[in-house]
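*Asks:* coords below, sequence missing:
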């Protein structure tokens, strides 16, 4: 093998669903997407898992919440169906039996997407 050639040829490879372990201030966001086809109660466990994964990677609780909420907001901004689902999640916040942390993520997602809280 020639000296200037990489050891592995990664062209055509697909990478995804990696948890971003970047420190505060990083502009990276490689978190897996939340399945927004679910109701808030069903999605809460997935949101909580992502928060825990980020924290295990050395990210603070606040930064983890921001990253996950940004990911949700990005999905909502790029797809009107997902935006409608986020609105429904917001409407069910008062009656949903989800943790305050998950409720905080949804509220942050609303702000990040530029939506008024219901």
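*Replies:* Sure, I can see it. None of these values were measured; they are calculated from a predicted model.
*Asks:* Tell me which residues are up against the helix or strand containing residue 90.
*Replies:* If you go by DSSP states H and E, residue 90 is part of helix 80-91. Counting by Cβ atoms under 8 Å, 6 or more residues apart in numbering, the neighbours of helix 80-91 from elsewhere in the structure are 36-37, 39-40, 43, 72-73, 75-77, 106-107, 109-110, 113, 115, 117-118. (Glycine included, C-beta is placed from N, CA and C.)
*Asks:* do you know how far residue 55 is from residue 64?
*Replies:* Here the criterion is Cβ to Cβ, to the nearest Å. By it, residue 55 lies 6 Å from residue 64.
*Asks:* Comparing those two, which residue is more hemmed in?
*Replies:* When residue 55 and residue 64 are compared on other Cβ atoms under 10 Å, the one with more neighbours turns out to be residue 64, at 23 against 15.
*Asks:* So which residues of the protein form helices?
*Replies:* 40-56, 61-78, 80-91, 100-113 (DSSP state H).
*Asks:* Switch those over to CSV; also include mean pLDDT.
*Replies:* Formatted as CSV, the helices of the chain follow (pLDDT from 0 to 100):
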stretch, mean pLDDT
helix 40-56, 89
helix 61-78, 91
helix 80-91, 88
helix 100-113, 91
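*Asks:* burial measure for residue 116, as a count.
*Replies:* Number of residues near residue 116 (other Cβ under 10 Å) recorded here: 8.
*Asks:* swap in residue 97?
*Replies:* Taking other Cβ under 10 Å as the neighbour definition, residue 97 ends up with a count of 7.
*Asks:* got the contact list for it?
*Replies:* Residue 97 makes contact with residue 41 under the criterion Cβ under 8 Å, 6+ apart.
*Asks:* that older thread, can you list the buried residues in the helix holding residue 90?
*Replies:* 82-83, 85-87, 89-90 (16 or more other Cβ atoms under 10 Å).
*Asks:* How about stretch 90-100?
*Replies:* 90, 93, 96, 98.
*Asks:* Quick check: the last one touching residue 39?
*Replies:* It refers to residue 98. No. Using Cβ atoms under 8 Å, residue 98 is not in contact with residue 39; the gap is 10.3 Å.
*Asks:* Quickly list what's touching both of those two.
*Replies:* Contact criterion Cβ under 8 Å, 6+ apart; residues shared by residue 98 and residue 39: none found.
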